[in-house]
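Participant: Please find the sequence and the predicted model below.
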Amino acid sequence: MEAKKVLEDLQRRFPGEPEYHQAVEEVLTTIEEEYNKHPEFDKMNLIERLCIPDRIYQFRVTWVDDSGNVQTNMGYRIQHNNAIGPYKGGLRFHKSVNLSILKFLAFEQTFKNSLTTLPMGGAKGGSDFSPRGKSNAEVMRFCQAFMLELTKHIGPDVDVPAGDIGVGGREVGFLFGMYKKLTHEFSGVLTGKGLEYGGSLIRPEATGYGNVYFLQEMLKTRGETVKGKKVLISGAGNVAQYTAEKVLQLGGTVLTMSDSDGYIYDPDGIDREKLDYIMDLKNILRGRIYEYVEQYPTAKYVAGQKPWGEKADIALPCATQNEIDEDAAKQLVANGVRAVSEGANMPSTPGAIRVFQEAKILYAPGKASNAGGVSVSGLEMTQNSERLGWGAEEVDGKLHWIMENIHANCVKYGTEADGYVNYVKGANVAGFMKVAKAMMAQGIV
Ligand code: NDP
């Protein structure tokens, strides 16, 4: 396999999908060497079968807003690969959603899920509907209309969606209610459910906590800990909130959080009380991050900017893809940042990753460091199958073990001759090998 050629072919066959091409390029260039040690893979054209999704559903979602207007949005589900388990991956509701973004996310999800050691294939879905500025009733009607179509393609042993940007506990509840109504069946068809109806303890916390557990493992390799470190976090949603919570628990100082309009910088640190304020602001009041400085006037709000120009020891991007470009990465390194662990999916551009790796700082790609979310989703599926609920300590302990294990696998497959751990290569090779072996065993399907 020649990574460059495969990529060129995919670019020709699927034009106008830059995020998908970006994700594929990152994986292909890092697994090329390992792949070519196995001529049997190429004989089965494994690489094309792994890059192109198994199937893609696209549908129109029609709903009525509060003023009685009929609205239409697009709905999607990409079922990328189910070689090692039922399709599994989140739903994203955001105005920027398109096929390219969902294809990149489904592709990444396949490797991430493989890394968790749990039996889950890769998928992703969503809509260009954004819950921002919509009433509860509008969000409910949209979720119901979306599920009216999606229900035909999912099931507890077929495809198990979860949350992502714009899809939190509220949306999962509405989606689950409609699935149940349509199928006349109470099953573990979605994860991220409420505790009262089959959800798992620690699922809301899992992506953020897992991100920081992974960071801890990376720091350990250099004899360091989170305690006393200054941390930049982007985003103010689910992943950012629980990343911040775990950093605080471990004695770090959180200096920034953000949303798509700008960021806040608190020189005194965002402590527990201030984080509680942000959680209420975002989760209940559905407000904007600038409101923080009205509550805590010693902090500043910077409109239209990302937090990467601020001085710190650690950066944890937890908002969205391509939020750290090459210039921002240079700025982070110049300002003394020694570790970057991604809570978001693909937040660093290829240029930014190059900067981090050339500077030999600790850098974890999302598919390794944010795998805690889908891991606890996998544990939620197990609990649903058992019809049992585990305690928080048990789930958190398993999450911790999974993150340590992913880290160990990255070190195993990603350590370079000079001892530097290339976590991108480690995660991609480890994730790829398991899926590849399963596909080989299952023949040409
Ligand atoms: P939320 O919707 O809870 O929060 C998203 C946050 O990111 C918000 O603060 C949002 O601001 C901001 N944001 C969204 N889009 C943009 C944008 N285009 N530019 C700048 N800021 C933006 O989502 P999550 O916290 O669940 O997801 C965040 C990231 O983590 C995503 O990349 C997701 O794929 C990834 N992830 C999530 C997992 C999970 O379990 N939820 C699991 C693994 C990865 P605003 O309010 O202005 O939109």
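Facilitator: Ah, there it is. Small disclaimer: the values here were computed from a predicted structure and weren't measured. Numbering: from 1, shown residues only.
Participant: Which positions in the lengthiest helix in the chain come out as buried?
Facilitator: Determined from DSSP state H, the single longest helix within the chain is helix 392-414. For helix 392-414, the neighbour count (16 or more other C-beta atoms under 10 Å) marks 395-396, 398-400, 402-403, 405-407, 409-411, 413-414 as buried. In short, each C-beta sits where N, CA and C put it, glycine included.
Participant: residues contacting residue 233?
Facilitator: By C-beta atoms under 8 Å, 6 or more residues apart in numbering, residue 233 lies in contact with 240, 243-244, 247, 254, 256-258, 307, 316-318, 343.
Participant: Repeat that for residue 51.
Facilitator: Taking C-beta under 8 Å, 6+ apart as the definition, contacts of residue 51 comprise 6, 10, 24, 28, 107.
Participant: before we move on, what SS does the last one have?
Facilitator: Pointing back at residue 107 there. With DSSP: H, G, I helix; E, B strand; the rest coil as the basis, residue 107 sits in helix.
Participant: That one and the ligand, how far apart?
Facilitator: 13 Å (C-beta to the nearest ligand atom, to the nearest Å).
Participant: Can you get me the centre-to-centre distance for whichever strand or helix holds residue 148 and its chain?
Facilitator: Under the criterion of DSSP states H and E, residue 148 resides in helix 136-150. Chain-centre distance of helix 136-150: 23 Å, with C-alpha atoms, centre = their mean, to the nearest Å.
Participant: and if you look at stretch 313-333?
Facilitator: 16 Å.
Participant: again with stretch 322-337
Facilitator: On C-alpha atoms, centre = their mean, the centre of stretch 322-337 falls 21 Å from the chain's centre.
Participant: in it, what's buried?
Facilitator: For stretch 322-337, by 16+ other C-beta under 10 Å, it's 322, 323, 324, 325, 328, 329, 330, 331, 332, 333, 337.
Participant: helices or strands up against the longest helix of the chain?
Facilitator: helix 203-220, helix 366-369, helix 372-386, helix 423-441 (3 or more C-beta pairs under 8 Å, 6 or more residues apart in numbering; DSSP states H and E).
Participant: one step back: could you flag which of the contacts of residue 51 are buried?
Facilitator: 6, 10, 24, 28, 107.
Participant: can I assume the third one is in contact with residue 108?
Facilitator: When you say that, I think you mean residue 24. No: the pair residue 24 / residue 108 is not scored as a contact, 9.7 Å apart, by C-beta atoms under 8 Å.
Participant: How about the contacts made by the residue of the chain found nearest the ligand?
Facilitator: Relative to the ligand, the nearest point of the chain is residue 237 (1.8 Å; C-beta to the nearest ligand atom). Residues in contact with residue 237 (C-beta under 8 Å, 6+ apart) are 165, 168, 282, 318, 319.
Participant: Can you check these and name whichever has the most neighbours?
Facilitator: residue 318 (29 neighbours; other C-beta atoms under 10 Å).
Participant: picking that back up, could you give the average pLDDT over the helix holding residue 148?
Facilitator: Taken as a whole, helix 136-150 has an average pLDDT of 98.
Participant: Show me what it is in contact with.
Facilitator: So helix 136-150 is in contact with 57, 59, 61-66, 71, 73, 75, 77, 93, 125, 127, 129, 131, 134, 161, 170-171, 174-175, 177-179, 182, going by C-beta under 8 Å, 6+ apart.
Participant: could you flag which of the residues you listed are buried?
Facilitator: 57, 59, 61, 63, 71, 73, 75, 77, 93, 125, 127, 129, 131, 134, 161, 170-171, 174-175, 178-179.
Participant: What about the contacts of helix 136-150, which are in helices?
Facilitator: For the contacts of helix 136-150, secondary structure assignment (DSSP H) places 170, 171, 174, 175, 177, 178, 179, 182 in helices.
Participant: burial measure for the residue lying closest to the first one once chain neighbours are set aside, as a count.
Facilitator: Once flanking residues are discounted, residue 170 sits nearest to residue 139: 6.7 Å by C-beta to C-beta, 6 or more residues apart in numbering. Other residues within reach of residue 139, judged by other C-beta under 10 Å, total 18.
Participant: Equivalent analysis for residue 349, please.
Facilitator: When neighbours are counted by other C-beta under 10 Å, residue 349 comes out with 19.
Participant: Next one: it, what pLDDT does it get?
Facilitator: 98.
Participant: which residues touch it?
Facilitator: Here residue 349 is in contact with 22, 322, 324, 325, 326 (C-beta under 8 Å, 6+ apart).
Participant: number of nearby residues for the nearest residue in space to residue 275 that is not next to it in sequence?
Facilitator: Counting by C-beta to C-beta, 6+ apart, residue 244 is the residue found nearest to residue 275 once chain neighbours are left out, at 5.5 Å. Other residues lying near residue 244 total 29 when counted by other C-beta under 10 Å.
Participant: Looks to me like residue 244 is in a helix.
Facilitator: Yes: counting by three-state DSSP, residue 244 falls inside a helix.
Participant: Would you confirm that it contacts residue 270?
Facilitator: Yes: Residue 244 is within contact range of residue 270, at 6.4 Å (criterion: C-beta under 8 Å).
Participant: The strand ranked longest in the chain: partners in the sheet, and parallel or antiparallel?
Facilitator: Longest strand in the chain by number of residues (criterion: DSSP state E): strand 70-81. Next to strand 70-81 in the sheet, as set by DSSP bridges, lie strand 55-64 (antiparallel), strand 122-127 (antiparallel).
Participant: Make CSV from these and add distance to the ligand to it.
Facilitator: Listed next are the strands paired with strand 70-81 as CSV, based on distance: least, C-beta to the nearest ligand atom, whole Å:
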stretch, distance to the ligand
strand 55-64, 19
strand 122-127, 9
